[in-house]
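J.: take a look and give me a structure for this.
(chains A and B)
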Amino acid sequence: RKEVEQDPGPFNVPEGATVAFNCTYSNSASQSFFWYRQDCRKEPKLLMSVYSSGNEDGRFTAQLNRASQYISLLIRDSKLSDSATYLCVVPRGPNTDKLIFGTGTRLQVFP
Amino acid sequence: DAGVTQSPTHLIKTRGQQVTLRCSPKSGHDTVSWYQQALGQGPQFIFQYYEEEERQRGNFPDRFSGHQFPNYSSELNVNALLLGDSALYLCASSLPGLNQETQYFGPGTRLLVL
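T.: The predicted structure follows:
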């Protein structure tokens, strides 16, 4: 099993749609989780951090299920500007900042 | 406040050559990590430098080496380049202490090996 697995997509959704991405991880000792956003040919940028059961920031909601070892990212009311690749990121262990990235899920929002 | 900067932005090399990439961390950050991102993949951890020493290392051969300077800037060196080394090389810096897991990425250096 890969350390971090994501559905690569692409997810093609219309503006205003709600879309959800899932990510599974293998290291049960991980305590914190991140979603990064990466635009085409740009660097990854932190979107959300998840330290407990979940986190919400405007249209974005991240949820954590420790028992099943998966993290989800929900985007409501999709905008054209949400088109990007969303990377699920898990530190290798509880006392390390070595980040393990998933391959990313590509989202394309169309008019 | 300048963010993470990297140079050069693009580079073309041929097989067998050596390359040096440079990174300046965000102001106040003392830890620098390097990642390799191949096309269509997520970034892969190469190594991390803290207090001028390599603190952690990913699954990369010894051809990949680095250095951190007293001002916290860092270099990534790759010897004996292979075609498969073509990728986007990202540098990320982080704060000391509890916020170490929040890393800020530079724009990357795009390396093409011919």
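J.: quick one, what contacts the residue of chain B with the smallest separation from chain A?
T.: At 3.4 Å from chain A, residue B:42 is the closest residue in chain B, using CB to the nearest CB. The way it works is simple: take the backbone N, C-alpha and C, and place the C-beta from them, glycine included. Residue B:42 makes contact with A:4, A:87, A:101-104, according to CB atoms under 8 Å, 6 or more residues apart in numbering or on different chains.
J.: pLDDT score for it?
T.: On the pLDDT scale, residue B:42 is placed at 94.
J.: now it: which helix or strand?
T.: Following DSSP states H and E, there is no helix or strand that holds residue B:42.
J.: which one is it nearest to, not counting chain neighbours?
T.: Nearest residue to residue B:42 in three dimensions, chain neighbours excluded: residue A:101, at 3.4 Å (CB to CB, 6 or more residues apart in numbering or on different chains).
J.: bridging residues for the nearest residue to residue A:25 once chain neighbours are set aside?
T.: Nearest non-adjacent residue to residue A:25, counting by CB to CB, 6+ apart: residue A:90, 4.6 Å away. When bridges are called by DSSP bridges, residue A:90 pairs up with residue A:100.
J.: contact partners for residue A:90?
T.: Shown in contact with residue A:90 (CB under 8 Å, 6+ apart): A:3-4, A:25, A:27, A:30, A:33-34, A:99-100.
J.: just the buried ones among these, please.
T.: By neighbour count, with 16 or more other CB atoms under 10 Å in any protein chain shown, those hold A:4, A:25, A:30, A:33-34, A:99-100 as buried.
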